[in-house]
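[1] this one's sequence-less:
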Ligand SMILES: C[S@@+](CC[C@H](N)C(=O)[O-])C[C@H]1O[C@@H](n2cnc3c(N)ncnc32)[C@H](O)[C@@H]1O
């Protein structure tokens, strides 16, 4: 039996909208249209008086847009998956009221909403609470695409492969993916581990040509060769790319 609260009339829609990694020029026309047509724009933030990154991007294009901020606080003592799932549950509960009124909510998110995004966690929780809510996404430019473009890197060619891994909770996946010479390795969430990532790339003979894009499109944004980074930690919003091993002059 489904114990979820009944929705009277037409159920609302929850749309995850990717707004790209930082530069407002990366917001697509589809995203803009969805933002302007929504009843309510929802923007994740860490505190009510703090503008989240995605809201900041939207506001550069639509300065007068009204955003409802949704707090994703990490309670002390909670870590990783547990904290994220609690945050998503709380967020889903908050969104339920306007969805029950049949409203269309545009939930803005960095990059693409289907790639390591808070949106997918929230959407899952909303579906658990109220399966009749329609969930949709509008794709966004992903952070690694911006890093490749900004550093002039041809990421993949011919039969080369792509690994997209995270390093938030360790670098085992980074090490494993570096064993494939014809694969580009993209590393997300590696800011706290940048020293260890650098070491792993050096040991695998993949440091040459590896780039780091930090805070791209945002204040302090920069592209740096990984070999030039000596700090053990950098921003959470950093993406590392190790290009495939290629014969000199091949691309
Ligand atoms: C929660 S994931 C979000 C990924 C995003 N949904 C996407 O499609 O690219 C966060 C990671 O994305 C990358 N990232 C997001 N924005 C970035 C930016 N402005 N500059 C560099 N990396 C960024 C970083 O690796 C960061 O740790």
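    Alright, I've got the coordinates. Values in this document were obtained by computation on a predicted structure and should not be read as measured data.

[2] Of all the residues in the stretch 1-150 of the chain, which one is nearest the ligand?
    Ranking the residues of the stretch 1-150 of the chain by distance to the ligand (Cβ to the nearest ligand atom) places residue 111 first, at 2.2 Å. C-beta: built from backbone N, CA, C; applies to glycine.

[3] Which residues are in contact with that residue?
    Contact analysis of residue 111 by Cβ atoms under 8 Å, 6 or more residues apart in numbering lists 18, 20, 21, 117, 140, 141, 142, 143.

[4] restrict these to those near the ligand?
    The subset of the contacts of residue 111 within reach of the ligand, by Cβ under 6 Å from any ligand atom, is 21, 117, 142, 143.

[5] Of all those, the one with the weakest confidence?
    Within the set of those, pLDDT is lowest for residue 117 (94).

[6] any idea of the pLDDT on the closest residue to that one other than its chain neighbours?
    Nearest residue to residue 117, sequence neighbours excluded (Cβ to Cβ, 6 or more residues apart in numbering): residue 109, at 4.8 Å. pLDDT recorded at residue 109 is 97.

[7] Format the contacts of residue 111 as CSV; extra columns: neighbour count and secondary structure.
    What follows is the contacts of residue 111, written out as CSV (neighbours: other Cβ atoms under 10 Å; DSSP: H, G, I helix; E, B strand; the rest coil):
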residue, neighbour count, secondary structure
18, 27, strand
20, 24, strand
21, 28, coil
117, 21, coil
140, 29, coil
141, 22, coil
142, 23, coil
143, 24, helix
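
[8] so which of the residues you listed comes closest to residue 48?
    When the contacts of residue 111 are compared for distance to residue 48 (Cβ to Cβ), residue 117 wins out at 21.7 Å.

[9] For the closest one, give me its contacts.
    16, 18, 109, 110, 111.

[10] how does it look with 7 Å?
    For residue 117, the contacting residues are 16, 109, 111, by Cβ atoms under 7 Å, 6 or more residues apart in numbering.

[11] With residue 26 instead?
    Neighbours of residue 26 in contact, by Cβ under 7 Å, 6+ apart: 20, 141, 146.

[12] Need phi/psi at it.
    As for residue 26, its main-chain torsions (degrees, to the nearest 10) stand at phi -90, psi 0.

[13] Could you measure from it over to residue 219?
    Counting by Cβ to Cβ, to the nearest Å, the separation of residue 26 from residue 219 is 16 Å.

[14] What is the helix or strand bottoming out on mean pLDDT in the chain packed up against?
    Least confident helix or strand, the chain: helix 80-100 with a mean of 88, by mean pLDDT, DSSP states H and E. Other helices and strands packing on helix 80-100, by 3 or more Cβ pairs under 7 Å, 6 or more residues apart in numbering; DSSP states H and E, are strand 104-109, helix 118-129.

[15] Give me every residue in the stretch 101-250 of the chain lying close to the ligand.
    Checking the stretch 101-250 of the chain against the ligand by Cβ under 6 Å from any ligand atom, the hits are 110-112, 115-117, 142-143, 188-189, 213-218, 236-239.

[16] If any of the residues you listed are buried, give me the PyMOL selection for them.
    Only the buried members of these enter the following PyMOL selection, criterion being 16 or more other Cβ atoms under 10 Å:
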select buried, resi 110+111+112+115+116+117+142+143+188+189+213+214+215+216+217+218+237+238+239
